[in-house]
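Undergrad: my questions are about this predicted structure, shown below with the sequence.
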Amino acid sequence: MQNEYEIMHIDTDIIEETDIKEEITTLLKERNFSQLKSIISDMNPFDIALIMEELPKEKIAIFFRILPKDLAAETFVEIDTDMQEELIHTFSDVELREVFTELYLDDTVDILEELPAGVVKRILKNTDRETRHIINELLQYPEDSAGSIMTTEYVRLNSSLTVADAIAVIRRSGVDKETIYTCYVTDNNRKVMGIVTARMLLTSSPDKVIEEIMETSVIVAKTTDDRESVVTALQKYDFVALPVVDDENRLVGIVTIDDAIDVLQEEATEDIEKMAAITPTEKPYLKMSAWGLFLSRIPWLLLLMISATFTGMIITGFEASLASQAVLIAFIPMLMGTGGNSGSQSSVTVIRALSLDELGLGDIFRVVWKEIRTAILCGGCLALACFIKIWLVDRMLLNNPEITIMVDMVICISLFITVLSAKIVGAILPMLAQAVKLDPAVMASPFITSIVDVLSLIVYFKVATSVLGI
């Protein structure tokens, strides 16, 4: 007997996207809308959005109008801002109202934040007064605050309700809510008294009162809290939603796990760009022009280039010493590279720990002590390996008479001190950056490398002049 349910696996070999796109394009050309609707009605909104990106511009609006109302709204959230704007221009006021009525308010706010003012004005004009008021309130919250990512569509219950009454309330009002798994129990002033989950309700006696089964230990966020701290709380406590209260501790919204995932992705992208010395941008790579990429990269490249001139100044200052021991020049890249890599390892580790709230400024001495011990182990191992390599390869195999035991020692001692210095600097700078309200990700590889390059040269030449007397 054939299984009547369709099971889709996440496997590009099983899901032939190209065939689906070709079939949809063909049906659009043939204007066979009934068959087209039957194909796309069971598809995921994200997959539909991907297909829309491949369609000719003149076909996008036609294709979108074929979608069922609820699926059209979900797909609208998934498509990029440029396509959203193009579709809005093709919508009548009725169509515009239908699409945005189906959207959750937090998704509506996210879309409005990316659209031009004229388009936003038209959208707000086609919403009812109450919804428009809520949207305007959400738009006023700072961009990185909990208020900016929360939704006001949640289930609120009274503590005096029975379980049966509560389930009836959820059935009646839960259709348009972001989540019905977690419900919030409040008093008449909307102050949070507790929470109940769908599991609690379904496993409790129908005549039990909500006050008897609700969990009273509730973790909440303030509307002004940083959105990263809210996401951290969701991760830490494995919540699917976190209640958000105003300054008077009244429940005004919730942040759900899907919004948290979006924030995590945005913050991770931003941190990666900062760690690579690139000004963060909100546009996807393929939507960025070459000019936009240039503007995001050139300021940092100029700054790093200027900072790199210090290494040239140091080499020039020791030019006379190098002339008497020219063999030392060949090992400068190795010292600078190893130092930069060592510093980057420490900085990335500390930055990640800071982003996960595993570290604070009060831990700086513990971090430094840990990095010192790690650096001694790493530096000692590298110095020993370097000593053996230089003596066996450079001295004996390549028969370089300028490599003496003292020269070998100078290189290895410098390497050890460089690794030690680099790891301490790499650990301290991100923590100091956070202390002065800078993003620790800024103090990643490019900056650490530039600083360590200078340190490694100073150490190298000071050790060389002291040991070799040059």
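TA: The structure has been received and is ready for your questions. Bear in mind the structure is a predicted one, so any value in this text is a computation, not a measurement.

Undergrad: and the helices in the stretch 301-450 of the chain?
TA: 319-324, 332-355, 364-389, 405-435, 445-468 (DSSP state H, counting those that start in this stretch).

Undergrad: buried sites along the third one?
TA: For helix 364-389, burial by neighbour count (16 or more other CB atoms under 10 Å) applies to 364, 367, 371, 374-375, 378-379, 382-383, 386-387. Yep, even glycine has a C-beta here, placed from its N, CA and C like the rest.

Undergrad: angle of it against helix 405-435?
TA: 150 degrees (axes from the mean of the first three to the mean of the last three CA atoms, to 10 degrees).

Undergrad: leaving out chain neighbours, which residue sits closest to Ile451?
TA: Val425 (6.0 Å; CB to CB, 6 or more residues apart in numbering).

Undergrad: how much space separates that neighbour from Ser307?
TA: 14 Å (CB to CB, to the nearest Å).

Undergrad: between the two, who's got more neighbours?
TA: Val425 (21 against 16; other CB atoms under 10 Å).

Undergrad: and the strands in this protein?
TA: Applying DSSP state E to the chain gives strands spanning 156-158, 182-186, 192-197, 221-222, 241-245, 251-256.

Undergrad: so what does the shortest one touch, helix or strand wise?
TA: It refers to strand 221-222. helix 227-237, strand 241-245 (3 or more CB pairs under 8 Å, 6 or more residues apart in numbering; DSSP states H and E).

Undergrad: mind listing the strands that strand pairs with, and their directions?
TA: strand 241-245 (parallel) (DSSP bridges).

Undergrad: hmm, back to that, between the helices and strands packed on strand 221-222, which gets nearest to Met409?
TA: helix 227-237 (48.2 Å; CB to CB).

Undergrad: tell me the helices and strands packed up against the closest one.
TA: helix 146-149, strand 221-222, strand 241-245, strand 251-256, helix 257-275.

Undergrad: that helix to strand 241-245, inter-axis angle?
TA: Our comparison of helix 227-237 with strand 241-245, counting by the same axes, to 10 degrees, yields an angle of 140 degrees.

Undergrad: extract the CA atoms of helix 227-237 and return them as CSV.
TA: What follows is helix 227-237, C-alpha atoms only, in CSV (Å, rounded to 0.1, in the frame of the first residue of the first chain):
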residue,chain,number,x,y,z
ARG,A,227,19.3,41.7,22.1
GLU,A,228,22.4,39.6,22.4
SER,A,229,21.8,39.2,26.2
VAL,A,230,18.3,38.0,25.4
VAL,A,231,19.6,35.4,22.9
THR,A,232,22.1,34.3,25.4
ALA,A,233,19.3,33.7,28.0
LEU,A,234,17.3,31.7,25.4
GLN,A,235,20.4,29.5,24.8
LYS,A,236,21.3,29.2,28.5
TYR,A,237,17.9,28.2,29.7
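
Undergrad: quick check: buried residues in it?
TA: Buried-residue list, helix 227-237, by 16+ other CB under 10 Å: 227-228, 230-234.

Undergrad: return the alpha-carbon coordinates of the lowest-mean-pLDDT helix or strand in the chain using CSV.
TA: Here the helix or strand of the chain ranked lowest by mean pLDDT, DSSP states H and E is helix 319-324, holding a mean of 71. The C-alpha coordinates for helix 319-324 follow below in CSV (Å, rounded to 0.1, in the frame of the first residue of the first chain):
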residue,chain,number,x,y,z
GLU,A,319,70.0,48.2,9.4
ALA,A,320,73.6,48.5,10.5
SER,A,321,73.3,45.6,12.9
LEU,A,322,71.7,43.5,10.2
ALA,A,323,74.5,44.3,7.8
SER,A,324,77.0,42.6,10.1
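
Undergrad: and it, what does it pack against?
TA: helix 445-468.

Undergrad: okay, the angle between the helix it packs on and helix 332-355?
TA: 130 degrees.

Undergrad: buried ones in helix 445-468?
TA: 445-461, 463-464, 468.

Undergrad: let me see the mean pLDDT of stretch 253-260.
TA: Stretch 253-260 shows a mean pLDDT of 90.

Undergrad: so Ile135 makes contact with Lys121?
TA: No - the criterion here is CB atoms under 8 Å, and Ile135 misses it with Lys121 at 12.0 Å.

Undergrad: so for these two, which sits in the more crowded spot?
TA: Ile135 (20 against 10).

Undergrad: distance check, the more buried one against Arg172.
TA: Distance, Ile135 to Arg172, by CB to CB: 24 Å.

Undergrad: okay, the strands of the chain, which one's buried deepest?
TA: Greatest average neighbour count among these goes to strand 251-256 (a mean of 25), per mean count of other CB atoms under 10 Å.

Undergrad: and the angle for that strand with helix 227-237?
TA: 70 degrees.

Undergrad: quick one: strand 251-256 to helix 257-275, angle?
TA: Going by the same axes, to 10 degrees, strand 251-256 is angled at 70 degrees with respect to helix 257-275.

Undergrad: who's in contact with strand 251-256?
TA: Contacts of strand 251-256 from elsewhere in the structure, counted by CB atoms under 8 Å, 6 or more residues apart in numbering, are 106, 146-147, 149-152, 154, 156, 178-179, 182, 184, 186, 190-192, 220-221, 223, 227, 230-231, 234, 240-246.

Undergrad: could you do stretch 92-100 as well?
TA: Under CB under 8 Å, 6+ apart, the answer for stretch 92-100 is 65, 69, 72-73, 76, 88, 91, 108, 122-123, 126-127.

Undergrad: report the buried members of the residues you listed.
TA: Applying 16+ other CB under 10 Å to the contacts of stretch 92-100 flags 72-73, 76, 88, 91, 108, 122-123, 126-127 as buried.

Undergrad: farthest-separated two in those?
TA: Greatest spatial distance in the buried ones among the contacts of stretch 92-100: Ala72 and Arg122, 18.1 Å, computed using CB to CB.
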